[in-house]
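Asker: Coordinates only, no sequence provided:
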């Protein structure tokens with residue numbers, strides 16, 4: 001995989017979670033080459049320790065956003081908030097959660 005493909009994946013994550021980005025407090029997701037959490041390094045990983053709860057599980061297909069769903073309960077009990085699908089996810093790649101704050105970007 002080349003870096004430009006990994007950067008497109010990063011951009012897709014940034015767009016998918018745009019509601020959480022606040023450059024004043026958190027730089028948002030960052031791209032790292034050869035990032036290793038425990039064992040073999042991923043060729044590229046997107047790491048975002050300040051992101052929403054378990055965000056890597058929602059890339060690229062979306063799903064229930066547990067953080068916003070919990071916040072919504074104060075104004076709309078029973079409401080469920082869904083994270084959108086990532087648009088622009090690079091074809092021929094796979095998103096593999098490594099931790100609750102890191103996502104490997106791999107070739108299929």
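Answerer: Yes, it's here. Since we're looking at a predicted model, the values are computed, not measured.
Asker: what residue ranges in the protein score low on pLDDT?
Answerer: 23 (pLDDT under 70).
Asker: which stretches of it form helices?
Answerer: Counting by DSSP state H, the chain has helices at residues 3-16, 66-72.
Asker: Okay, buried residues for the last one please.
Answerer: By neighbour count, and taking 16 or more other C-beta atoms under 10 Å as the criterion, the buried residues in helix 66-72 are 66-69. All C-beta atoms are positioned from the backbone trio N, CA, C, and that covers glycine.
Asker: Show me which of those residues is closest to residue 88.
Answerer: Nearest to residue 88 among the buried residues of helix 66-72: residue 68, at 21.6 Å, using C-beta to C-beta.
Asker: which residues of this protein fall in strands?
Answerer: 30-35, 42-47, 63-64, 82-83, 93-99, 102-107 (DSSP state E).
Asker: Name the stretch among those that sits most buried.
Answerer: Stretch with highest mean neighbour count among the strands of the chain: strand 42-47 (a mean of 23; mean count of other C-beta atoms under 10 Å).
Asker: list the helices and strands that strand packs on?
Answerer: Strand 42-47 is packed against helix 3-16, strand 30-35, strand 93-99, strand 102-107, with contacts defined by 3 or more C-beta pairs under 8 Å, 6 or more residues apart in numbering; DSSP states H and E.
Asker: To residue 60, which of these lies closest?
Answerer: Across the helices and strands packed on strand 42-47, residue 60 has its closest neighbour in strand 93-99 (5.5 Å, C-beta to C-beta).
Asker: Which strands border that closest one, and is each parallel or antiparallel?
Answerer: Using DSSP bridges, the strands paired with strand 93-99 are strand 102-107 (antiparallel).
Asker: coming back round to it: could I get the buried residues of helix 66-72 in JSON lines, plus columns for distance to residue 30?
Answerer: Shown next, in JSON lines, are the buried residues of helix 66-72 (distance: C-beta to C-beta, whole Å):
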{"residue": "66", "distance to residue 30": "22"}
{"residue": "67", "distance to residue 30": "20"}
{"residue": "68", "distance to residue 30": "22"}
{"residue": "69", "distance to residue 30": "26"}
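Asker: any idea which of these is the one closest to residue 56?
Answerer: Taking C-beta to C-beta as the measure, residue 56 lies nearest residue 66 of the buried residues of helix 66-72, at 12.8 Å.
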